[in-house]
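**Q** Got a predicted structure plus its sequence, pasted below:
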Amino acid sequence: MDVYNQTTVTEFILIGLSDLPEVRYPLFVVFAAIYQVTLVGNGAILLAIGAEKKLHTPMYYFLANLSLLDIFCPSATVPKMLQNLLTEKKSISFLGCALQLFFLVALAGTEVFLLSVMAYDRYVAICFPLRYTLIMTKGRCVQLTASTWAAGFLNSLLHTVFTFCLSFCKSNQINQYYCDIPPVVALSCSSTYVAEMLVLVVGGVLGISAFLITGISYIYIISTILKIRSAEGKRKAFSTCASHLLVVCLFYGTTIFTYIRPSSSHNSPARDRLISMLYGVITPMLNPIIYSLRNTEVKGALRKFLCLKTCLQKG
């Protein structure tokens, strides 16, 4: 093939919903409602943590960062998805696609690392309660959080650069709702070995390391909880851990299925789109419900804030 006759791709076409034109308006309503619930739910968590001094602790500091991520992550993809559903304009510029992929992968990566930090925080709180305030100082919390954000964005920069350094000359139709590594790499007409190996090796090593930190932390946590003699103490500790574990399983399950597998296994576009919907849209909505809104302290802080606001308005 003559390389000089290759056509340079200047924009991509997101065809994730083109096979379902008859349901694009109902889908617009569903996605818009999910996005609104995500923003309101996570915004309420941030409001409660910011307004209530009792919640100014390491656990809730990390939880506030999780809520920020769950606001930013769908915001990288859902607005464009809603525009495409409403206007049937499915194109996205080359630069726009690169930026969307960069922020999506960066925020998802940051969440992987943050979940492991949150597990470590619970490990210290339950296994070393008397030393908790000495270990999880304000400075330590800031360092851990800054490290998770930096690691997530540097990891994403690496993947984005290698993905968009590929040659795109075959097709510009991305079989997905938004720009993501597997469907973009699948369009390349040059060798994708390095880009795929980066996802499998770098993503795998970082993801598995974070998962091991989370898993080992919870092995020690559960072992310690089982030694608690008080039934009420066990119930309270298990309640907090169960919520976090459910979030971890939901996030890791969809993320691993999306990224940690070779491109040859991406042979079911409909299944891949369903998984990506769970990972990119549904999970950020469920996190505040699963992890935060079940928390009595957060609910109490929200009620207190709403009551104060109502009283001020009446006054």
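**A** That came in fine, so what should we check first?
**Q** How far off centre is the helix or strand harbouring residue 287?
**A** Taking DSSP states H and E as the definition, residue 287 sits inside helix 283-287. For helix 283-287, the separation from the chain centroid amounts to 9 Å (computed by Cα atoms, centre = their mean, to the nearest Å).
**Q** Report all helices and strands that that helix contacts.
**A** helix 24-51, helix 58-75, helix 231-259 (3 or more Cβ pairs under 8 Å, 6 or more residues apart in numbering; DSSP states H and E). For the C-beta atoms, the positions are set from N, CA and C on the backbone; glycine is no exception.
**Q** Need the residues that contact that helix.
**A** Residues from elsewhere that reach helix 283-287 (Cβ atoms under 8 Å, 6 or more residues apart in numbering): 34, 37-38, 41-42, 66-67, 69-71, 73-74, 247, 250-251, 254.
**Q** average pLDDT for it?
**A** Average pLDDT, helix 283-287: 84.
**Q** ok, now stretch 249-264?
**A** Averaging pLDDT along stretch 249-264 gives 64.
**Q** Could you do stretch 128-147 as well?
**A** In the prediction, stretch 128-147 has an average pLDDT of 94.
**Q** From residue 59, how far off is the residue positioned nearest the centre of the chain?
**A** In the chain, the C-alpha nearest the mean C-alpha coordinate belongs to residue 108, at 4.0 Å (Cα atoms, centre = their mean). Residue 108 is 22 Å from residue 59, where distance means Cβ to Cβ, to the nearest Å.
**Q** right, and out of the contacts of helix 283-287, which lies closest to residue 187?
**A** For the contacts of helix 283-287, the residue nearest residue 187 by Cβ to Cβ is residue 254; the value is 22.6 Å.
**Q** about what we covered before: in PyMOL, how would I select the buried members of the contacts of helix 283-287?
**A** Selection of buried members from these for PyMOL, criterion 16 or more other Cβ atoms under 10 Å:
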select buried, resi 34+38+41+42+66+67+69+70+71+73+74+247+250+251+254
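**Q** Tell me the buried residues in the top helix by length along the chain?
**A** When the chain is parsed with DSSP state H, its longest helix is helix 94-127. Residues of helix 94-127 classed as buried by neighbour count (16+ other Cβ under 10 Å): 94, 97-98, 100-126.
**Q** what does stretch 193-202 give?
**A** Buried positions in stretch 193-202, judged by neighbour count with 16+ other Cβ under 10 Å: 195-196, 198-199.
**Q** Just the ones of these in helices?
**A** In this view, the buried residues of stretch 193-202 that belong to helices under DSSP H are 195-196, 198.
**Q** Throw these into a markdown table and include distance to residue 82, thanks.
**A** Formatted as a markdown table, those follow (distance: Cβ to Cβ, whole Å):
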| residue | distance to residue 82 |
| --- | --- |
| 195 | 29 |
| 196 | 31 |
| 198 | 31 |
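**Q** With respect to residue 221, which of the residues you listed is nearest?
**A** Using Cβ to Cβ, those come closest to residue 221 at residue 198, 33.1 Å.
**Q** pLDDT below threshold where in this protein?
**A** For the chain, the stretches with pLDDT under 70 are 1-7, 17-20, 240, 254-276, 278-279, 291-294, 305, 308-315.
**Q** Between the buried residues of stretch 193-202, which sits nearest residue 46?
**A** Nearest member of the buried residues of stretch 193-202 to residue 46, counting by Cβ to Cβ, is residue 199, at 31.7 Å.
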